[in-house]
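**Q** structure, please.
(one chain, ligands or ions: 2)
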Amino acid sequence: MKVLVTGGAGYIGSHAVVELLESGYQVVVVDNLCNGSEVALSRAEEITGKKPTFVRADIRDRPALDTLFALHKIDAVIHFAGLKAVGESVGKPLAYYENNVNGTLVLCQAMEAAGVRRIVFSSSATVYGNEAPIPYIETTPRGTTSNPYGTSKAMVEKVLEDIADADRRWSITLLRYFNPIGAHPSGKMGEDPLGVPNNLMPFIAQVAVGRRDELTVFGNDYPTRDGTCERDYLHVVDLAKGHLKALEKNTKPGVNVYNLGTGMGTSVLDMVSSFIRVNNVPVPYKLGERREGDLPAFWADASKARDELDWVAEKNLDDMMADTWRWQSRNPNGYRLL
Ligand code: NAD
Ligand code: WQD
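**A** Ligands and ions are numbered 1, 2, ... in the order given. Model prediction:
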C-alpha cells in the first residue's frame with residue numbers, strides 16, 4: 001500500500017514516515033520545506049533502511065499534485081502539511097487560512113481527480129474551543145476557537161465532513177492531537193523549531209543544551225494543583241502509531257474523529273522537574289506572567305481511540321523526557337550543522 005504523507009519532512013510527519021516504512025508501507029512525502037528538513041527524511045531512511053520518495057512541492061500547487069498522483073498509485077493520504085504557530089497566526093491570518101484551509105482544498109481536489117478518497121487529517125484539541133468540559137471528548141461539538149490557527153483546523157474539519165456527506169466514497173479520519181512531545185528513541189529525529197520555540201518542550205530542551213538562558217513559566221496563579229497550566233503531553237512515536245491504526249481501521253465511508261492523548265494532565269512545573277530528574281541536567285527557569293490565550297488545564301478522554309482503533313499511548317512522561325534529551329543533546333542545533 002502506498003501512502004502520501006503531506007508535511008512528512010516536519011516533526012510529526014517524519015515520525016509517521018518511520019512507522020509507515022517499518023510497517024511495510026511505501027511512502028511518498030510531499031513537503032515544501034517551509035518548516036521541515038530533508039535531513040529528517042535521510043534520518044528516517046537510516047533508522048528503517050528504507051527510502052521514502054520525496055517530492056518538494058507545495059500542496060497548493062495543483063499541477064504538482066496532479067503530476068504526483070499520476071506518477072504514484074496512492075492509496076491513502078496522511079495530511080500533516082500546514083502552518084502551526086498559534087501566536088504567529090494572530091498576526092498573519094491570511095497566511096494561515098491560505099496554507100491550512102486552501103492547501104487542504106487543493107489537496108482534496110487533486111485527490112478527487114485522482115480517485116483517491118482516503119485521508120487522515122492532523123487536527124488539534126484546539127477545536128474544542130475555550131469552554132469545553134474536561135476531559136475533552138469527541139461527542140462535544142467544536143467550540144469557539146480564539147486564533148486563526150485553531151479556526152483553520154475547525155474549518156478544515158467542517159470541509160472534510162461536508163465532502164464525506166456529499167460523496168460516500170470518501171473515508172475521512174480527523175485526529176485531534178493533544179500536546180505531542182518527545183523524539184524518536186534512536187536520537188536521530190526530533191522537534192527542530194525555527195527560531196525561538198513557541199512550545200514548552202523544545203524550549204526546555206534548548207535551555208538544557210545551552211541555546212537559551214532560562215525558561216519562563218507562563219503564569220503560576222492558575223486554579224490548578226501547583227498554579228501552572230496542565231496539558232496532556234503524548235509521545236510523538238505513540239502519536240505516529242495512532243495514524244497507522246487510523247489508516248488500518250478506518251476504511252469505511254464517512255468521517256471518524258478521535259482524540260489522541262494520554263488522558264492525563266501534567267503541569268508546567270512537573271514537566272520541568274521531570275526533565276531535570278530523568279536527564280540529570282539543570283534547567284534554569286523563572287516564574288513569569290501568563291501568556292495570553294492559554295487555558296488553565298485540559299486533557300483528553302482517549303477512550304474512543306482505545307475502543308475503536310485499539311490505540312493507547314504506551315510511552316510515559318519519563319520516556320518523553322529521555323527521548324527529547326537524547327535527540328537534543330546529540331543534535332544541539334537540530335538538523336542544521338551549525
Ligand atoms: P511541522 O511544522 O514540523 O510540520 C509541518 C510540515 O508541513 C513542515 O515540514 C512544512 O515544511 C510542511 N508544510 C507546511 N505548509 C506546506 C505546504 N503548503 N505545502 C507543503 N508542505 C507544507 O509541524 P508538526 O508539529 O509536525 O505538525 C504537523 C501537523 O499536525 C500540522 O498540521 C499541525 O497543525 C498539526 N498539529 C500539531 C501539533 C503540535 O503540537 N505539533 C498539535 C496538533 C496538531
Ligand atoms: C504548554 C504549556 C504554556 C512555553 C499549543 C497549541 C495547540 C497545539 C499544541 C497545535 C502552557 C507553558 C510554554 C514557555 C511556558 N498545537 N509554557 N513557557 O499552548 O498547550 O498548545 O501546542 O495544534 O493548538 O496552542 O502548548 O507547548 O505552547 O504550552 O510556561 O516558554 O507550557 O503556558 O501552559 P499549548 P505549549
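
**Q** so where do the strands sit in this protein?
**A** Under the criterion DSSP state E, the chain carries strands at the ranges 2-6, 26-31, 53-56, 76-79, 118-124, 171-177, 179-181, 215-218, 230-231, 233-235, 254-260, 266-267, 285-288.

**Q** turn these into TSV, including distance to ligand 1 and mean pLDDT.
**A** (C-beta placed from N, C-alpha, C; glycine too.) Converted to TSV, those look like this (distance: least, CB to the nearest ligand atom, whole Å; pLDDT from 0 to 100):
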stretch	distance to ligand 1	mean pLDDT
strand 2-6	6	98
strand 26-31	4	98
strand 53-56	9	98
strand 76-79	8	98
strand 118-124	3	98
strand 171-177	4	98
strand 179-181	5	98
strand 215-218	16	98
strand 230-231	10	98
strand 233-235	10	98
strand 254-260	9	98
strand 266-267	15	98
strand 285-288	21	98
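
**Q** which one of those strands lies closest to residue 204?
**A** Using CB to CB as the criterion, the shortest distance between residue 204 and those is 5.9 Å, found for strand 215-218.

**Q** can you give me the buried ones in the closest one?
**A** 215, 217-218 (16 or more other CB atoms under 10 Å).

**Q** likewise for stretch 267-282?
**A** Of the residues in stretch 267-282, 267-272, 274-276, 278-279, 281 count as buried by neighbour count, 16+ other CB under 10 Å.

**Q** ditto for stretch 182-191
**A** For stretch 182-191, the neighbour count (16+ other CB under 10 Å) marks 182-185, 187-191 as buried.

**Q** now residue 57: closest residue in space that isn't a chain neighbour?
**A** residue 64 (3.9 Å; CB to CB, 6 or more residues apart in numbering).

**Q** which bits of this protein sit near ligand 1?
**A** Selection of the chain residues close to ligand 1 by CB under 6 Å from any ligand atom yields 7, 9-13, 31-36, 58-60, 80-84, 99, 103, 122, 124, 177, 180.

**Q** PyMOL command for the buried members of those?
**A** Buried residues within the residues of the chain next to ligand 1, by 16+ other CB under 10 Å, are selected in PyMOL with:
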select buried, resi 7+9+10+11+12+13+31+32+35+36+58+59+60+80+81+82+83+84+99+103+122+124+177+180
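
**Q** quick check: residues of the stretch 101-250 of the chain near ligand 2?
**A** Residues of the stretch 101-250 of the chain lying close to ligand 2 (CB under 6 Å from any ligand atom) are 124, 126, 179, 198-200, 203, 215-218, 229, 231.

**Q** let me have those residues in JSON lines, extended by distance to residue 113.
**A** Output for these, formatted as JSON lines (distance: CB to CB, whole Å):
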{"residue": "124", "distance to residue 113": "28"}
{"residue": "126", "distance to residue 113": "31"}
{"residue": "179", "distance to residue 113": "36"}
{"residue": "198", "distance to residue 113": "36"}
{"residue": "199", "distance to residue 113": "36"}
{"residue": "200", "distance to residue 113": "41"}
{"residue": "203", "distance to residue 113": "42"}
{"residue": "215", "distance to residue 113": "48"}
{"residue": "216", "distance to residue 113": "48"}
{"residue": "217", "distance to residue 113": "49"}
{"residue": "218", "distance to residue 113": "45"}
{"residue": "229", "distance to residue 113": "44"}
{"residue": "231", "distance to residue 113": "40"}
